[in-house]
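> After the sequence you'll find the predicted model.
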Protein chains: 2
Amino acid sequence: MSERARRGRGGGGAARRAERSAVSFETAKFIERNIPNFEVLTEEALQIIEHNAETVLEEIGVNFINNPGAIARWREAGADITGERVRIPRGLARKLCATAPSSFTQHARNPARNVEVGGNNLVLAPVYGPPFVRDAAGGRRYATMADFNKFVKLGYMSKWLHHSGGTVCEPTDLPVNKRHLDMLHAHMTLSDKPFMGSVTEPSRAQDSVDMCKILFGEDFVAQNTVMTSLININSPMVFDDVMMGALEVYAQNNQACIVSPFIVGGAMAPVSVAGTLTQVLAETLAGIAYSQLCKPGAPVIMGAFVTSIDMNSGAPTFGTPEAAHITYGAGQLARRLNLPYRSAGSFCGSKLPDAQAAYETANSLNMGLLSGVNFMLHACGWLEGGLVSSFEKFVMDADQLGVLHHLAKGIEMDENAQAMDAIREVGPGGHYLGCAHTQANFKSAFWKSDLLDYKPFETWEDEGARDTQALAALRVEKMLATYQQPDMDPSIREALDAFVAQKKLSEPDSFM
Amino acid sequence: MSERARRGRGGGGAARRAERSAVSFETAKFIERNIPNFEVLTEEALQIIEHNAETVLEEIGVNFINNPGAIARWREAGADITGERVRIPRGLARKLCATAPSSFTQHARNPARNVEVGGNNLVLAPVYGPPFVRDAAGGRRYATMADFNKFVKLGYMSKWLHHSGGTVCEPTDLPVNKRHLDMLHAHMTLSDKPFMGSVTEPSRAQDSVDMCKILFGEDFVAQNTVMTSLININSPMVFDDVMMGALEVYAQNNQACIVSPFIVGGAMAPVSVAGTLTQVLAETLAGIAYSQLCKPGAPVIMGAFVTSIDMNSGAPTFGTPEAAHITYGAGQLARRLNLPYRSAGSFCGSKLPDAQAAYETANSLNMGLLSGVNFMLHACGWLEGGLVSSFEKFVMDADQLGVLHHLAKGIEMDENAQAMDAIREVGPGGHYLGCAHTQANFKSAFWKSDLLDYKPFETWEDEGARDTQALAALRVEKMLATYQQPDMDPSIREALDAFVAQKKLSEPDSFM
């Protein structure tokens, strides 16, 4: 739909020629950490949490609702079934999880954009899910497909972002039962980075797989992971049929899922960190075990989406020390399971991309890097507790992701880095700006923001005394004005267009 | 002066009665870390840096300028002297540093506010040095003594701030040769937290000691540390007579000094992290060794003030990954010397307390906590590369310091924290808000901001859609309106007043 509009505006032939001559933008490789993980739980604490999680699974159990197939799979695997309640004997879930790979490659249509999920790596993906968007000019409003396309373009052009994500905002102007087709089409055609599939119905997961077969080829999809999709657990300890139905489709097609509790601490989990970690581990063990019951070896990521709560207002809070503790702890638990780990993001509760938003986001991004996260969803653009995708915050956060890249490099210690010749050359009272070592190294020595203001006060004032949001609004405008669509085989493009068109005709629109 | 003005406004007797009935504000104890330090340098890397630093001291040496006494001390200690150049044989500086205590108590006039500097502790002190102030109402302007007093009051009332600091802003309306008297008087009378002494002339350091003798008693000062003062090294490797003169006064009086390189990387140190760490170590070894030559056992803190540089504009940059690497690495080096460590702060280059300021500050505060900093100067209020003390940012940062306190607590693992009863009580699909465990624990479970906005969007919009700066401006106003001066023995107060008055009469004003 939007695609047709775009072509209409640009003219079909002109658009195709532009595609063929499109420049490629610089994209950093996913982060390969050369720094240790920060670990806060002792061996004894880890054992207590692991023991307690098994107790939860064995004695309390979890619910797989409206899903007789799941109940049958669990019964066959040896679980104790009472109605929809699944009690999992101590050790069984962990044993089932052992067939999940410790890392996997998610392929992009541009192989240079493939990502390795697991090990010491960190893959960064944008915000997911908000029904609203905000920008400085237009304020806060319901998101549309036009907004969605803009976010995909910004993600494509963001150097430090490795992944195009999924529902970068919810295109509320499109029918609920068809918008996944446009979203996938946008990720596939406006970007060449890896992306996520739909999880709002098992049939939409199947549409996602089918569209990938067009994009990558049927054989390729059968043998490779080309999507990573987000499967939320309804904490505490409920696995609903919609999410599990999507998981079943993806697992059976060897496509990756993030199995992730969605927890506002104090509401969906105990008010304590240790209790929350216990529940997170129990839930992810059950969910990941289930993915392996559907298809042993299916790629999966252990997720933990955890915020704390403001006990006065009931509002979720972000960038808090308790969220950091849980994020650090869950990373340790994931590594002991030898599974890739998803957590953290550009989380904030603020309504504006202001100082509150940035404090909260920086707290969360830093803990995400140091806790050993392998896949960071929501790494840029999140605002107002996840209700809003912010255009300005998208580019502000995306710029800060460069800090994580450089931090993760660790400290070089070769002879050039030791710089003894420079210290000798300059000596007491000298300065290094002109010395040979500085001249040889300054270009790559320091991370450089593409957004933040380093100008002298007077220059900054003469230019309008702009704050970060104003600078970001200009950057958004400039990026969208210079966006060029990545090239695509016209026959693939036509097949994708035809698939979407045919699917849209196959059932009436629904806005429910 | 300003004090008299205040009394004049309030009326002498009324003010005295108010002082006697003043409420005490809640102040958190200094942070005692229950989390590990984050370490990025391997044992091999540490040994290389330590070896290279000794090479720098032995082969290149450092300059002690305009300071024949220092040259004589170094000669006697066994250094190789050429003019003002001091070359220190391998191992000598490290050996001299061994007499410095690994931790010390800095006493406050209210003993409940004493701080322990060293070990696993972290003491937080406010911004130091800016010639300008900024607030939302008045914009950016030269700082005055009235501004200074306001910052001391805000510091006194800030729960997570342990220390009143020193030059919280530079009172440019007072003579250069007398403003230290008013600054010390303000810290001593408007707050009861520990504070810093003057370092701008040896005689002013002596004034600081003399005023402390009035405040604490002569015997007490002879036996206890009651000031921690900031001695900057003129990097690279120059120790000037003014700073060293102040150090000499403080060391001989058993008062603590932070011996701290002041480095914009790429200008005052090599453009590489390893090279900068080498220079930082060489400089602090020389400076701390010198403090021990002046008085073995004098308390001292190993400092590292290091920023990177924007190679386009030459502006210092803050919250960068390179600064984080240096801060982590220098912490490891300080711990191997068994010395307290000073680094990090609310650093930012932004002109406004906006998102840039908050990203940069949060990056720096987080690395400060995790790198094992023992004394964090500039922990709140820093703006525009240290040119500006911001009223709004002071309370914004001071609020975020609560995050550090809660992070440092680590994760509780007792039976209550494990929360198994809560998980059993709630079960799959339930919620925790009303359960017994939540009711018993929610008040202390989560860090709570006193500033940030967690309200529903509609409420926030109805209240004026305020950003963080606007909320902070209100908080500054409210704090200053409810400030109550801590009680003080009137005879001490009169003696301090008399000392300041007499000193001011003893020489003409100088604004140079």
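That came through, no problem.

> Tell me which residue is most central in chain A.
The residue lying closest to the centre of chain A (Cα atoms, centre = their mean) is A:Leu377, at 1.8 Å.

> wait, what's in contact with that residue?
A:125, A:127-128, A:165, A:230, A:258, A:342, A:345 (Cβ atoms under 8 Å, 6 or more residues apart in numbering or on different chains). For glycine as for every other residue, the C-beta is placed from the backbone atoms N, C-alpha and C.

> ok, so of those, who is nearest chain B?
A:Gly345 (14.7 Å; Cβ to the nearest Cβ).

> Which pLDDT value goes with the residue nearest to the centre of chain A?
As predicted, A:Leu377 sits at a pLDDT of 98.

> Look up how far B:Lys443 lies from A:Pro321.
16 Å (Cβ to Cβ, to the nearest Å).

> Those two: which is more packed in?
A count of neighbours by other Cβ atoms under 10 Å in any protein chain shown puts A:Pro321 above the other of A:Pro321 and B:Lys443, at 22 against 10.

> Show the contacting residues for the nearest residue to A:Glu170 once chain neighbours are set aside.
Of all residues not flanking A:Glu170 in the chain, A:Pro131 sits nearest, at 4.6 Å (Cβ to Cβ, 6 or more residues apart in numbering or on different chains). The contact partners of A:Pro131, by Cβ under 8 Å, 6+ apart, come to A:142-143, A:169-170, A:172, A:387.

> returning to that earlier point: also within reach of chain B: list those from the contacts of A:Leu377.
With Cβ under 8 Å from any Cβ of the partner chain as the criterion, these include none near chain B.

> got these as JSON lines, with pLDDT columns?
Below are the contacts of A:Leu377 laid out as JSON lines (pLDDT from 0 to 100):
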{"residue": "A:Ala125", "pLDDT": "98"}
{"residue": "A:Val127", "pLDDT": "98"}
{"residue": "A:Tyr128", "pLDDT": "98"}
{"residue": "A:Gly165", "pLDDT": "98"}
{"residue": "A:Leu230", "pLDDT": "98"}
{"residue": "A:Ile258", "pLDDT": "98"}
{"residue": "A:Arg342", "pLDDT": "98"}
{"residue": "A:Gly345", "pLDDT": "97"}
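
> any idea how far A:Pro316 lies from chain B?
For A:Pro316, the distance to chain B equals 8 Å [Cβ to the nearest Cβ, to the nearest Å].

> same deal with A:Met420?
For A:Met420 relative to chain B (Cβ to the nearest Cβ), the value is 6 Å.

> Flag every buried residue along stretch A:247-254.
Within stretch A:247-254, the residues scored as buried using 16 or more other Cβ atoms under 10 Å in any protein chain shown are A:247-251, A:253-254.

> Tell me which residues touch the closest residue to A:Gln252 other than its chain neighbours, please.
Among residues not flanking A:Gln252 along the chain, A:Lys295 sits closest, at 5.2 Å (Cβ to Cβ, 6+ apart). When contacts are counted by Cβ under 8 Å, 6+ apart, A:Lys295 touches A:251-252, A:254.

> Regarding the spatially closest residue to A:Pro89 that is not a sequence neighbour, what are the backbone dihedral angles?
Among residues not flanking A:Pro89 along the chain, A:Glu58 sits closest, at 5.8 Å (Cβ to Cβ, 6+ apart). Main-chain dihedrals, A:Glu58, degrees, to the nearest 10: phi -80, psi -40.

> so how far is A:Thr284 from whichever residue of the stretch 1-150 of chain A sits closest to chain B?
In the stretch 1-150 of chain A, the residue that lies nearest chain B is A:Asn63 (4.2 Å; Cβ to the nearest Cβ). Distance, A:Asn63 to A:Thr284, by Cβ to Cβ: 15 Å.

> More neighbours: which of the two?
A:Thr284 (30 against 20).

> which residues sit in contact with that one?
A:233, A:259-261, A:302-304.

> which among these gets closest to chain B?
A:Ile233 (10.2 Å).

> returning to what we had before: surely the residue nearest to A:Pro89 touches A:Arg87?
Yes. Applying Cβ atoms under 8 Å, one finds A:Glu58 in contact with A:Arg87, separated by 6.0 Å.

> check which helix or strand covers the residue lying closest to A:Met311 once chain neighbours are set aside.
Counting by Cβ to Cβ, 6+ apart, the nearest residue to A:Met311 once its immediate chain neighbours are dropped is B:Phe442, at 4.8 Å. Using DSSP states H and E, B:Phe442 maps to helix B:436-445.

> on contacts alone, who are the packing partners of that helix?
helix B:415-418, helix B:420-426 (3 or more Cβ pairs under 8 Å, 6 or more residues apart in numbering or on different chains; DSSP states H and E).

> in the stretch 401-512 of chain A, what residue is nearest chain B?
For the stretch 401-512 of chain A, Cβ to the nearest Cβ, closest residue to chain B: A:Ala419, 2.7 Å.

> Touching stretch A:318-326 from outside, list them.
A:40, A:265, A:273, A:276-277, A:280, A:304, A:306-308, A:317, A:347-349, A:359-364, A:367, A:371, A:385, B:362, B:403-407, B:409-411, B:445-447.

> try 7 Å
A:40, A:265, A:273, A:276-277, A:304, A:306-308, A:347-349, A:359-361, A:363-364, A:367, B:403, B:406-407, B:411, B:446-447 (Cβ atoms under 7 Å, 6 or more residues apart in numbering or on different chains).

> Helices - which of those land there?
A:273, A:276-277, A:359-361, A:363-364, A:367, B:403, B:406-407 (DSSP state H).

> Between the residues you listed, which sits nearest A:Thr27?
A:Thr361 (21.5 Å; Cβ to Cβ).

> what residues are up against the closest residue to the residue of the stretch 1-150 of chain A closest to chain B other than its chain neighbours?
Closest residue to A:Asn63 apart from its sequence neighbours, by Cβ to Cβ, 6+ apart: B:Pro428 at 4.2 Å. If you count contacts by Cβ under 7 Å, 6+ apart, B:Pro428 has them with A:62-63, A:236-238.
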